[in-house]
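A.B. asks: structure here, sequence nowhere to be found:
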């Protein structure tokens, strides 16, 4: 796939977030070449009058000055060092990061200001930044979340066409944990009838445990307008027998009813207990002497 990269400066780096368990997000890129069929960001793209269909992911905005803008924002006296989530709206370790290294530069800026942060990614490229993640973890809380909803190869290739294989993400997770960086798995989203079978859930939890994941969480599918149309169109093409189920489960709503997801969520909690994966490991890093100097060079 050929992606158009638009190098454009940004006026702000940090985004105020509402309705989540964190208050600030940071996205070095706008748009995502992973093109996951279920991506909830498609809903926001539609609301902003941008393409949410098959055109999403073909054009990517690169915020070339994002690290400098971020550093200036973190230096404000009003900044309270609240947690920042990197990648809430677009993967910070999609292929563009291999060239532009904006996420790496932002990690350095966050570390310099002792700001805690979490990363959400499907990209094994994160292992390239183990050095700056280790340095940041000595100064503030650092967490890396690997999105791994399934290990099924057909399901992965069909619903996440631009991503690295789930096993590659698990290997990256193992490398981070061995380096002393807190990392775990987000099983998101869980797809009814496709990735919610007990054996499928067990496979992910077991693999996460074997890779050393220090935590695991799960989230149901979110089908807001924009995401809904694209996902159901893909479903009708790839798994037509499942279409009636989804139209019934999501009729008039973005999420399934709690009663419909209860069994799946209970199964995941049971698997976490069985495999001892829930925050089972406390990581310790050697203290970092003052002052610290972090290099942007790889």
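C.D. replies: Here it is on my side, so go on. None of these values were measured; they are calculated from a predicted model.
A.B. asks: element containing the residue nearest to the spatial centre of the chain?
C.D. replies: In the chain, the centroid-proximal residue (CA atoms, centre = their mean) is residue 120; its distance is 2.7 Å. Here residue 120 is covered by strand 117-121, with elements defined by DSSP states H and E.
A.B. asks: how about residue 235?
C.D. replies: With DSSP H and E as the criterion, residue 235 is inside helix 227-238.
A.B. asks: and that helix, average pLDDT?
C.D. replies: Computed over helix 227-238, the mean pLDDT rounds to 96.
A.B. asks: report the buried residues of the helix or strand just after that helix.
C.D. replies: Next helix or strand after helix 227-238 toward the C-terminus (DSSP H and E): helix 243-249. Residues 246, 249 are the ones in helix 243-249 that count as buried (16 or more other CB atoms under 10 Å). No exception for glycine: its C-beta is placed from N, CA and C like everyone else's.
A.B. asks: can you give me the helices for the protein?
C.D. replies: Secondary structure of the chain by DSSP state H: the helices cover 41-47, 66-74, 96-100, 102-112, 130-137, 153-159, 166-178, 198-211, 227-238, 243-249, 258-275.
A.B. asks: buried sites along the fifth one?
C.D. replies: In other words, helix 130-137. When burial is assessed from 16+ other CB under 10 Å, helix 130-137 yields the following buried residues: 130, 132, 133, 134, 135, 136, 137.
A.B. asks: roughly how far does the closest residue to the first one other than its chain neighbours sit from residue 126?
C.D. replies: Read it as residue 130. Closest residue in space to residue 130, ignoring its immediate chain neighbours: residue 179 at 4.9 Å, by CB to CB, 6 or more residues apart in numbering. Taking CB to CB, to the nearest Å as the measure, residue 179 falls 11 Å from residue 126.
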